[in-house]
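Participant: A structural model of the following input is requested.
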Amino acid sequence: MLLAIPPSVRSGQRGFTLIELVMVLVLLGVLSVVVLPKVGITTTSYQSAAFAEQVRAALQYGQKMAVSHRRMVCAAVTSSSVTLTIASNFGDSACSAVALMGAASGSGAIASSPNGSIVIAPATTLYFQPSGQVSSDAAGTSVGNFALTVGGTFAISVQGASGYVN
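Facilitator: Residues are numbered from 1 along each chain as shown. Predicted coordinates:
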């Protein structure tokens, strides 16, 4: 018994019909309307998390540099960046305008917010002492714990007595 083979298969013509192609395009359009807004939201949260890690790493770097160089390191935390400077000599009561190594373009800004869209609160200056302690004054008399919030959701704590940044 012989089976009847349609002429389109015999001649080697294969492919999708116009209706099938249009349906695929409609489905892609619906998926893009549903999925793309969610991708934009997660991108912002990823940027906030990455910036929070940059701030935490910059503060850890400042604490380690203060202890290893036996000089005070000042971390100026603004609403959109962390800038690290170091004292010229051991025992100096102020940080010089010299930025720490590793800062982008010598500006001292170790961490800066992408497009200024992610905010650090509160804006303050932390003084990492050569002893490892962290204070709110250059003399090192006001040792205390500090809490920063990056992007409104990511918390960074700095222990004053030990200089531990978490």
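Participant: torsion angles phi and psi at the closest residue to Asn89 other than its chain neighbours?
Facilitator: Closest residue in space to Asn89, ignoring its immediate chain neighbours: Arg71 at 6.9 Å, by C-beta to C-beta, 6 or more residues apart in numbering. Using the backbone N, CA and C atoms, a C-beta is placed for each residue, glycine as well. Main-chain torsions, Arg71, degrees, to the nearest 10: phi -140, psi 150.
Participant: look at Arg71 and report its pLDDT.
Facilitator: Arg71 carries a pLDDT value of 91.
Participant: for the spatially most central residue of the chain, give me the pLDDT.
Facilitator: Computing the C-alpha centroid of the chain and ranking residues by C-alpha atoms, centre = their mean puts Phe51 first, at 1.4 Å. Note for Phe51: predicted pLDDT of 89.
Participant: is it in a helix, a strand, or coil?
Facilitator: helix (DSSP: H, G, I helix; E, B strand; the rest coil).
Participant: what does Ser162 give?
Facilitator: coil.
Participant: what is the end-to-end distance of stretch 120-128?
Facilitator: 19 Å (C-alpha to C-alpha, to the nearest Å).
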